[in-house]
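K.L.:
Sharing a sequence plus its predicted fold:
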Amino acid sequence: MEPVVTPAQMMQIDLLAPNLGASTETLMQNAGYAIAAAIRLRFPPCRVLVLAGPGNNGGDGYASARLLKNWGWPIAVAAIAPPRPGSDAAVAASRWDGPLVKPERKRVCRADLVIDAVYGAGLSRDISPELAELLSEAPRLVAVDIPSGIDGTTGAVRGFAPQADVTVTFEALKSGHLLYPGRGYCGEIVCADIGIPSAAMAKIAIKTWRNTPTLWHLPLRQSTDHKYKRGALTICIGAMAGAALLAAEAARRVGAGLVAVAGPPPAIGAPAGILFFSQGTRGLLEDNRRQTWLCGPGLGIDRAAVELAQLLAAKRTVIADADALTACADAPERLRGVAVITPHIGEFARIFPALTGDKLAAARTAAAAIGSVVVLKGADTIIAAPDGRAAINDNAPFTLATAGTGDVLAGIIAGLISQNMTPFDAACAGVWLHGAAATIGPQNLIAEDLAPLLQRVMADPARFDLKISRR
């Protein structure tokens, strides 16, 4: 699994490392090597200027400058502020025997490449206008840890941040690397192992991960399975039937054995493998095989409110999306008892108007408040569980920004839950599969393209590094 830490947690890890056999000086030299190696791999020798801050980030910059100089690169260091006397950064600075220049605009403009080693991920204030002007002039930029001006916890821009071509960070990603707008400023992200002892990482309570297939396993198929054992999903259908049918087809493509819709048959055509039950929700609740329900896509707000209440009263496993979420605006208590909610940022704001600012913290707070997994959708979708676990997804391409793709996602998650995946694992897997399918799709992707693309992803587990659970 790929842990994601906060800057505060990384500071704790750094403080623990020396007592576990890794001195700060050694780690700084290793970080310098990681930066220099990343640059040598990606750029031809050119004029480099290091903008060095007063802390360990600046120390990493001095260490990388020494290596690049030894490799024959023309390089100079401009200290934004001197390191604190006696610090590891001061030791690294004392070993620099190359040119020291003033941090001036003309110096930045003359460079071919700037190493931004001013502030790391722990920045908690806006950068100065003078530094912003310097960084804005960089023709190409490699950021140490994170571009200066990006909040490493939230991804917010602190006044100004430069656009990096490459960001080199160490040991673990910070949440600010994956959350927008910060993610958009990082360019290519290199996460380098610099020798921090695993025991130091183990002492930190990690509760956030990058959402990858290492985080969850897909259901195992067995020869003795039948359609109900493989997973029965029922979807409430309304006047805008296309949304429910998109969800239904997606659920089938991820392996649900029996997908049915409850409500009036749609006027539009539908795949032959989807069952229709015109008697609606109440009659089907008498069938105990129908434990998993998707409520909301295209249902209509008034009807969604009634259907959601019925399903929760019957103790069914419910995935709430679209109109079921709008029906709970300013009333999150109506969602208590659902397994997963899948709001986009607008729906989330209507349900939880007081939760603003830090997106990751807001999703966690909402999940704890309603006792459900929250999938807060976007380019940096967050999956948060009531117990505080969270995953940040980063594989969704821009092509998903089209009508109906959210209905497909709801269907994927519901289909996986119907196959006995836990709500958190199903939500993480669903979000990742959704992004992976879109990634291999066309530039002008539409929602209807996703179901067959899902089939291609799931049919090639080795290519996509998918893991299958053992029951």
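P.N.:
Done, it's in.

K.L.:
Where does pLDDT dip in this structure?
P.N.:
In the predicted model of the chain, residues 223-224, 226, 229, 267-270, 470-471 satisfy pLDDT under 70.

K.L.:
Now do the same for residue 159: helix, strand or coil?
P.N.:
Look at residue 159: counting by DSSP: H, G, I helix; E, B strand; the rest coil, its state is coil.

K.L.:
Same check on the one 10 residues further on?
P.N.:
Residue 169 carries the three-state label strand when classified by three-state DSSP.

K.L.:
ok now do it, which residues does it touch?
P.N.:
121, 145-146, 177, 189-192 (C-beta atoms under 8 Å, 6 or more residues apart in numbering). Every C-beta, even on glycine, is put in place using the N, C-alpha and C of the backbone.

K.L.:
Sitting in helices, which of these do you find?
P.N.:
Taking DSSP state H as the definition of helices, the contacts of residue 169 contribute residue 177.

K.L.:
Residue 90: how many residues sit nearby?
P.N.:
17 (other C-beta atoms under 10 Å).

K.L.:
Which one of the contacts of residue 169 sits in the busiest neighbourhood?
P.N.:
Highest neighbour count within the contacts of residue 169, by other C-beta under 10 Å: residue 146, with 31 neighbours.

K.L.:
which residue packs closest to that residue, ignoring adjacent ones?
P.N.:
Excluding its sequence neighbours, the residue lying closest to residue 146 (C-beta to C-beta, 6 or more residues apart in numbering) is residue 121, at 4.6 Å.

K.L.:
thinking that neighbour is in contact with residue 149, fair?
P.N.:
No: contact status for residue 121 versus residue 149: not in contact, 11.1 Å apart, counting by C-beta atoms under 8 Å.

K.L.:
what's in contact with stretch 367-378?
P.N.:
Contacts of stretch 367-378 (C-beta under 8 Å, 6+ apart): 180, 332-333, 335-345, 348, 352, 359, 362-363, 366, 381-386, 388, 406, 409, 413, 423-424, 427, 430-431.

K.L.:
Show the buried residues in those.
P.N.:
332, 335, 337-344, 348, 352, 359, 362-363, 366, 381-386, 406, 409, 413, 423-424, 427, 430-431 (16 or more other C-beta atoms under 10 Å).

K.L.:
In helices, which of these fall?
P.N.:
Using DSSP H, the buried ones among the contacts of stretch 367-378 in helices are 348, 359, 362-363, 366, 406, 409, 413, 423-424, 427, 430-431.

K.L.:
between the residues you listed, which is nearest residue 216?
P.N.:
residue 424 (8.3 Å; C-beta to C-beta).

K.L.:
Identify the residues contacting the residue nearest to that closest one when sequence neighbours are not counted.
P.N.:
The shortest distance from residue 424 to any non-neighbouring residue, by C-beta to C-beta, 6+ apart, is to residue 385 (4.4 Å). Going by C-beta under 8 Å, 6+ apart, residue 385 touches 367, 373, 423-424.

K.L.:
mind giving me a markdown table with those and columns for distance to residue 132?
P.N.:
A markdown table is the format used below for the contacts of residue 385 (distance: C-beta to C-beta, whole Å):
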| residue | distance to residue 132 |
| --- | --- |
| 367 | 36 |
| 373 | 40 |
| 423 | 44 |
| 424 | 40 |
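
K.L.:
Please identify which pair of the residues you listed lies farthest apart.
P.N.:
Among the contacts of residue 385, the pair separated by the greatest distance (C-beta to C-beta) is 367 and 423, at 10.2 Å.

K.L.:
domain parsing for this protein?
P.N.:
Structurally, the chain divides into domains by automatic domain parsing as follows: 4-206, 213-464.

K.L.:
can you pull out the helices in the stretch 101-250 of the chain?
P.N.:
Along the stretch 101-250 of the chain, counting by DSSP state H, counting those that start in this stretch, helices occupy 105-110, 129-136, 175-178, 182-185, 198-202, 227-230, 241-253.

K.L.:
Show residues contacting the longest one.
P.N.:
With C-beta under 8 Å, 6+ apart as the contact definition, helix 241-253 has outside contacts at 233, 235-238, 259, 261, 263, 266-268, 270-271, 273-274, 294, 297-299, 321-322, 404, 407-412, 414-415, 418, 447-448, 450-452, 454-455, 458.

K.L.:
Paired strands for the next helix or strand after it, with orientation please.
P.N.:
Per DSSP states H and E, helix 241-253 leads on to strand 258-262 as the next helix or strand towards the C-terminus. Taking DSSP bridges as the criterion, strand 258-262 pairs within the sheet with strand 232-236 (parallel), strand 275-277 (parallel).

K.L.:
could you dump these to a markdown table with mean neighbour count?
P.N.:
Converted to a markdown table, the strands paired with strand 258-262 look like this (neighbours: other C-beta atoms under 10 Å):
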| stretch | mean neighbour count |
| --- | --- |
| strand 232-236 | 27 |
| strand 275-277 | 15 |
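
K.L.:
Off-centre distance for stretch 412-426?
P.N.:
Chain-centre distance of stretch 412-426: 19 Å, with C-alpha atoms, centre = their mean, to the nearest Å.

K.L.:
Show me what counts as buried in it.
P.N.:
412-419, 421, 423-426.

K.L.:
thought residue 235 was touching residue 293?
P.N.:
Yes: if you go by C-beta under 8 Å, residue 235 and residue 293 touch, sitting 7.2 Å apart.

K.L.:
Can you work out which residues contact both of the two?
P.N.:
By C-beta under 8 Å, 6+ apart, residue 235 and residue 293 have these common neighbours: residue 414.

K.L.:
need the strands for the stretch 301-450 of the chain, in chain order.
P.N.:
Here the stretch 301-450 of the chain has its strands, by DSSP state E, counting those that start in this stretch, at 317-320, 340-341, 373-376, 382-384, 390-392.

K.L.:
Tell me which of those lies nearest to residue 141.
P.N.:
By C-beta to C-beta (comparing all of the strands of the stretch 301-450 of the chain), the closest turns out to be strand 390-392, at 23.9 Å.

K.L.:
That closest one: partners in the sheet, and parallel or antiparallel?
P.N.:
Under the rule (DSSP bridges), strand 390-392 has strand 208-210 (parallel), strand 382-384 (antiparallel) as partners.

K.L.:
quick one: which of those strands is nearest residue 280?
P.N.:
strand 382-384 (31.0 Å).

K.L.:
Run through the residues that contact the residue lying closest to residue 409 once chain neighbours are set aside.
P.N.:
In space, not counting the residues next to it along the chain, residue 409 is nearest to residue 434; the distance is 4.8 Å by C-beta to C-beta, 6+ apart. Counting by C-beta under 8 Å, 6+ apart, residue 434 makes contact with 396, 400, 405, 408-409, 412, 450, 454.

K.L.:
Now the buried members of those residues.
P.N.:
Among those, the ones that count as buried (16+ other C-beta under 10 Å) are 396, 400, 405, 408-409, 412, 450, 454.

K.L.:
All set, thanks.
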